[in-house]
Every structure is written in C-alpha cells, then in structure tokens.
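Enquirer: Mind folding the following:
(one chain, ligands or ions: 2)
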Amino acid sequence: MAQTLLDVQGLQTHFHTDGGLVKAVDGVDLKIEAGGILGLVGESGSGKSVTGLTIMRLLGTKRARVAGGRVLFKGRDLLTLSDREVQALRGSEIGMVFQGALTGLDPSFRVGSQMIEVIRRHQGVSKIEAHRLALESLDLVGMPDPERKLRSYSHELSGGQRQRVLIAMALSGKPDLLIADEPTTALDATVQKQIVDLLIDINRTLGTAILMVTHDFGVVARMCRTVAVMRHGRVVEQGTVNDVLTNPQHVYTESLMKAVPRLHLTDEERSVPRSERRLFELRPAVPPEAATATTPGKETVHAGK
Ligand SMILES: Nc1ncnc2c1ncn2[C@@H]1O[C@H](COP(=O)(O)OP(=O)(O)O)[C@@H](O)[C@H]1O
Ligand SMILES: [Mg+2]
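Expert: Residues are numbered from 1 along each chain as shown. Ligands and ions are numbered 1, 2, ... in the order given. So this is what the prediction gives:
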C-alpha cells in the first residue's frame, strides 16, 4: 500500500470578522497517498481555498485562526513548525498554484525575473542556477520556446501559457505535493483540458502528488482517483471517484455532478496513457441516474444524453 503523504485531521480554520465568527474550515479530514491525486471539490465558499492555504500556513491575515486539527506531512505536523521551517518546506516539498494567480503575474516584470525571484527565495540558489531551473521547469510543463518566454512579459503569453508558468514555478523545487487551487478556472475548455492533461503527466512522470482543488466535477473525474466533497467547511463525502460518481451518498454531491456534465474516465480508462486516450475523451459523462444503475467498477459509458 502506498504511503500516506498528507494526512489532514480535524482541521478547523476560523475567521474573526466584524460580522462574527466564520468557520471556513470546520473539521476537515483529508488523506493523500504519495504520488496520488485527491480532488477537493465543492461549491464556491465551501472552504476549499482556505483548506489549501491552511496546509501551506499562508492564511495571511491576523483574523484567521487555526482552531484545531493537525496537518501531518510525512508524519510531521506542519501546524507546529516554526515559520522558518515552513518557509523551507514551501516550494521544495509542497508547491502551490494559487487561485486567481493567473491575473497575479506582474505585468511590469519579465516572466523570467519573476520565476527566478521565486526560485531563489525558495531554494537559495544563485541567479544562474535559478535561471537554469526556470528553463528546466518551463520545459517540464511543455512550454514552447522557454528561453524566449523567460524574456516575455505576462501579457505576451496566452492564458494557458501563464498557467504553465505558474505551475512551473510551483514545481521548480520538485515538491512531493502540489496544491493546485482552481488552475483551470477562467481558461477556455480546450486550454482547461490541456492543463488537466499536463497535471496528469506531471503526476505520472515525476510522481508528484496533487491536491486538485476545483468546483468542477468533470475535472475531478478526469484526473483524480479519490475525491473529497466539501460543503460549508466540512467534508460531506470522500472516496474513490468511481464510487462517488456511481453512487453519491449525498444529495449535494449529486447536484454538483449534475451542474457540470463533463467528460468522465473510468479507472481502467485512466490507466491508458494519455496519448492513447483520445477515444474515451469523446464520450459524454455518465448521467447520475444512469450511473447508479451500473455495476460499480464495471461501469459502462453511455452514449447520448
Ligand atoms: N480572509 C477572510 N476573511 C474572512 N472570511 C474569509 C476569508 N477568506 C475566506 N473567507 C470565508 O471562508 C469561507 C470559505 O472560503 P474559501 O475557502 O475561499 O471557499 P472556496 O475556495 O471553497 O470557494 C467563505 O465563507 C469565505 O467568505
Ligand atoms: Mg477557492
């Protein structure tokens, strides 16, 4: 059995706001195996981003308080580490692609200088080495002509290319875990699929475990083996994607699935190399009512609506 990489237990993150206490994360348990991909899905405001930021210790406001729980990463509770220890861990062991960061690249600096700065901050390497690592990680994320991209400004890049830059930055320290917070939101459907396929490739080739935060069940179905469904700061459902898709235990999960009728791969299909996966990609998602009627683990994919 694969080793547990991240084990979040009973996590509670509260915000003390003028309007009162907001229990953004209210007792969350999550587990990711080394090399695994866990989908964290839920409607907007359900606590997904706050969960990711709490794991990274990046809540960034005095109003936030971790009121309980543990974040065990390789057996160490990140909540008990010093700021310096956490800083060392960020980038090198856990990388994060932040929600909305696509618009956060600074338009006044070249992509290369921003990448090099981040790499140097996390890895304390020389400028030359940081440049080499930036090129290497751009190459890794399939960026065409990486040398030229380093000299470009972010507005000269397409949305998909900017997202690749952000993923490259998060991966430059070769972390064991990547937290990707809505990395496909705000991209058009074709580019979304490319980014999802890129993350699948990274997971396969580098063995990077991924916490894939999304509100899109289609994305989960495509790339994750396990999924946790969040609502109002709690995990209301957690299991293998096949189990949750074929037999959702929660009405909320069903409504999320119905809201996003997208493509869907079975475990068997997911094991097919991406380059050979074209056929499955053309098939529609299983409608929930049809899915519940199929045999778990041996589900058929229905053509038509
Ligand atoms: N800095 C903050 N101050 C107060 N409340 C916050 C803050 N950040 C997030 N929240 C609240 O926490 C809840 C969960 O937010 P979030 O994790 O961003 O949701 P999601 O990522 O699932 O859309 C929401 O109710 C949100 O309003
Ligand atoms: Mg969010």
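
Enquirer: what about stretch 109-128, distance to the chain center?
Expert: Mean C-alpha position of stretch 109-128 versus that of the full chain (C-alpha atoms, centre = their mean, to the nearest Å) differs by 23 Å.

Enquirer: Buried residues in that stretch, which are they?
Expert: For stretch 109-128, burial by neighbour count (16 or more other C-beta atoms under 10 Å) applies to 110-120, 122-123, 125. In this view, the C-beta of every residue, glycine as well, is placed from N, C-alpha and C.

Enquirer: secondary structure element for Asp26?
Expert: If you go by DSSP states H and E, Asp26 is part of strand 20-33.

Enquirer: Does ligand 2 have contacts with that strand?
Expert: No. Using C-beta under 5 Å from the ion, we find that strand 20-33 stays clear of ligand 2, coming within 10.3 Å at best.

Enquirer: That strand and ligand 1 in contact?
Expert: Yes. For strand 20-33, a contact with ligand 1 is found by C-beta under 6 Å from any ligand atom, at 22, 24.

Enquirer: In terms of secondary structure, what does that strand contact?
Expert: strand 4-17, strand 37-41, helix 48-55, strand 64-73, strand 209-214, strand 234-240 (3 or more C-beta pairs under 8 Å, 6 or more residues apart in numbering; DSSP states H and E).

Enquirer: Can you give the contact residues for it?
Expert: 2-15, 38, 40, 47, 50-51, 54, 68-69, 177, 209-211, 228, 230, 232-235, 238 (C-beta atoms under 8 Å, 6 or more residues apart in numbering).

Enquirer: What's the biggest helix in the chain, counting residues?
Expert: Ranked by residue count, the top helix of the chain under DSSP state H comes out as helix 189-206.

Enquirer: What is that one packed up against?
Expert: Packed next to helix 189-206, using 3+ C-beta pairs under 8 Å, 6+ apart, are strand 37-41, helix 159-171, strand 177-181, strand 209-214, helix 217-223.

Enquirer: what angle sits between the first one and strand 209-214?
Expert: Regarding strand 37-41 and strand 209-214, their directions subtend 20 degrees when assessed with axes from the mean of the first three to the mean of the last three C-alpha atoms, to 10 degrees.

Enquirer: For the closest residue to Ile119 other than its chain neighbours, give me phi and psi.
Expert: Nearest residue to Ile119, sequence neighbours excluded (C-beta to C-beta, 6 or more residues apart in numbering): Ala130, at 4.2 Å. Backbone torsions of Ala130, given as degrees, to the nearest 10, read phi -60, psi -40.

Enquirer: thought Ala130 was touching Ile116?
Expert: Yes. Ala130 is within contact range of Ile116, at 4.3 Å (criterion: C-beta atoms under 8 Å).

Enquirer: The stretch 151-300 of the chain against ligand 2: which residues are in contact?
Expert: Counting by C-beta under 5 Å from the ion, no residue of the stretch 151-300 of the chain is near ligand 2.

Enquirer: for the stretch 151-300 of the chain, what are the low-confidence residue spans?
Expert: Applying pLDDT under 70 to the stretch 151-300 of the chain picks out residues 259-300.

Enquirer: Kindly reformat the helices and strands packed on helix 189-206 as JSON lines containing distance to Met257 and mean neighbour count.
Expert: Formatted as JSON lines, the helices and strands packed on helix 189-206 follow (distance: least, C-beta to C-beta, whole Å; neighbours: other C-beta atoms under 10 Å):
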{"stretch": "strand 37-41", "distance to Met257": "9", "mean neighbour count": "26"}
{"stretch": "helix 159-171", "distance to Met257": "25", "mean neighbour count": "24"}
{"stretch": "strand 177-181", "distance to Met257": "21", "mean neighbour count": "25"}
{"stretch": "strand 209-214", "distance to Met257": "13", "mean neighbour count": "25"}
{"stretch": "helix 217-223", "distance to Met257": "5", "mean neighbour count": "25"}
